[in-house]
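In: no sequence on this one, just coordinates:
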């Protein structure tokens, strides 16, 4: 897929400060609730704990397209997350992904949802 119709994805790895794990997880829970309620163009927003690394969190995010990602970034709940996460983290690594092949939600392939 090309252009605005292409799915947009990223992976983010956070290392949380030892004293801030509970606060970070609470912030993520609040943010995820806003995403579920108000972001139809966000197809997957998953935060994973890493086995054996209790301070690591890995996010996988899949958006219908670039416009859906832009709407996500502009949302109130995401802006709050971005503003508050810095004090809770030791490091952040972000990888933006280009879909080469695989199975995606039908809406990612057909553009069936509005952002």
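Out: Alright, I've got the coordinates. Model, not experiment: these values are computed from the prediction.
In: now the longest strand belonging to the chain: buried residues?
Out: Counting residues, the longest strand found in the chain (DSSP state E) is strand 53-63. Neighbour counts over strand 53-63 (16 or more other Cβ atoms under 10 Å) mark 55, 57, 59, 61-63 as buried. Every C-beta, even on glycine, is put in place using the N, C-alpha and C of the backbone.
In: out of the helices and strands in this structure, which is least certain?
Out: None of the helices or strands of the chain scores lower by mean pLDDT, DSSP states H and E than helix 106-110, at a mean of 52.
In: can you pull out the strands in this protein?
Out: Counting by DSSP E, the strands of the chain are 8-16, 42-50, 53-63, 89-97.
In: sheet partners, orientation included, of the longest one?
Out: Strand partners for strand 53-63, identified by DSSP bridges, are recorded as strand 8-16 (antiparallel), strand 42-50 (antiparallel).
In: pipe those into a markdown table and attach distance to residue 74, mean pLDDT and mean neighbour count per row.
Out: Below are those laid out as a markdown table (distance: least, Cβ to Cβ, whole Å; pLDDT from 0 to 100; neighbours: other Cβ atoms under 10 Å):
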| stretch | distance to residue 74 | mean pLDDT | mean neighbour count |
| --- | --- | --- | --- |
| strand 8-16 | 14 | 97 | 17 |
| strand 42-50 | 12 | 97 | 16 |
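In: mind putting these into a markdown table with distance to residue 26?
Out: Converted to a markdown table, these look like this (distance: least, Cβ to Cβ, whole Å):
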| stretch | distance to residue 26 |
| --- | --- |
| strand 8-16 | 12 |
| strand 42-50 | 12 |
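In: for residue 104, find the nearest of those.
Out: Of all the strands paired with strand 53-63, it is strand 42-50 that lies closest to residue 104, at 7.6 Å by Cβ to Cβ.
In: where are the low-confidence patches of this structure?
Out: For the chain, residues meeting the criterion pLDDT under 70 lie at 1-4, 106-115.
In: so what touches stretch 88-96?
Out: Stretch 88-96 has contacts (Cβ atoms under 8 Å, 6 or more residues apart in numbering) with 9-17, 20, 23-24, 27, 55, 85.
In: could you say what helices and strands the lengthiest helix in the chain packs with?
Out: Identified as the longest helix of the chain according to DSSP state H is helix 21-38. Where contact means 3 or more Cβ pairs under 8 Å, 6 or more residues apart in numbering; DSSP states H and E, helix 21-38 is packed against strand 42-50, strand 53-63, helix 76-85.
In: brilliant, that's me finished.
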